[in-house]
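K.L.:
After the sequence you'll find the predicted model.
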Amino acid sequence: MPWSEQRAFPVDVSTPSAARQFITANLQQAVGEVPGVRAIIDTAALTISELTTNAVNANATSLTVALAIYSDHLRLSVTDNGAGMPKLRSPSLQATSGRGLLIIDQLARRWGTTPTADGKETWAELSLDPSVTMPAH
């Protein structure tokens, strides 16, 4: 059974920052000062920021962030009721948006979107370095 934590957030422009703080604090609490874990915390914070930004941009009115720690990966997810399903884009060099899922596609071992009764869950799995031993929960 993985260690997990989740939290509902109000949806506004501050949501990505609050979600980053939530993920960072929970990962630091869960794993402590395990050598080599700082990089995965930073990657998780960036990933959740991109996922929550997509929900805010989709005009969601409810949003829940979840984190699960497995022995070999982290699973981050955002469940929201925003319109549409996220998809990879090919933005022009001049575009000021549209790169979030491209970033996640490069950072995550896999990611996807699952329809829910009220909207969708967009999730990403981040591989853990085999040399990093995660505490048992």
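P.N.:
Arrived safely, thanks for sending.

K.L.:
Could you check the longest helix anywhere in the chain and say which residues are buried?
P.N.:
Ranked by residue count, the top helix of the chain under DSSP state H comes out as helix 38-57. Buried residues in helix 38-57, defined by neighbour count with 16 or more other CB atoms under 10 Å: 40-41, 43-56. Where you see a C-beta, it was placed from the backbone N, CA and C, and this is true even at glycine.

K.L.:
could you pull out the helices for the protein?
P.N.:
With helices called from DSSP H, the chain shows them at 15-31, 38-57, 100-107.

K.L.:
Among those, show the one with the smallest mean pLDDT.
P.N.:
Mean pLDDT across the helices of the chain is lowest at helix 100-107; the value there is a mean of 83.

K.L.:
how about the nearest residue to R109, chain neighbours excluded?
P.N.:
S127 (4.6 Å; CB to CB, 6 or more residues apart in numbering).

K.L.:
who's the one you found bridged to?
P.N.:
Beta bridges link S127 to H73, judged by DSSP bridges.

K.L.:
so what's the closest residue to D129 other than its chain neighbours scoring on pLDDT?
P.N.:
Once flanking residues are discounted, D129 sits nearest to G36: 5.7 Å by CB to CB, 6+ apart. pLDDT recorded at G36 is 71.

K.L.:
surely G36 meets D42?
P.N.:
No - with contact defined as CB atoms under 8 Å, G36 and D42 do not form a contacting pair (11.9 Å).

K.L.:
how close does S17 sit to S49?
P.N.:
S17 is 8 Å from S49, where distance means CB to CB, to the nearest Å.

K.L.:
Now for the residue lying closest to P2 once chain neighbours are set aside: which residues touch it?
P.N.:
Spatially, and ignoring its direct neighbours in sequence, P2 is nearest to A68 (4.3 Å; CB to CB, 6+ apart). Residues near A68 by CB atoms under 8 Å, 6 or more residues apart in numbering: P2, W3, S4, L74, R75.

K.L.:
Now flag whichever of those is closest to L27.
P.N.:
Nearest to L27 out of the contacts of A68 is L74 (CB to CB; 7.7 Å).
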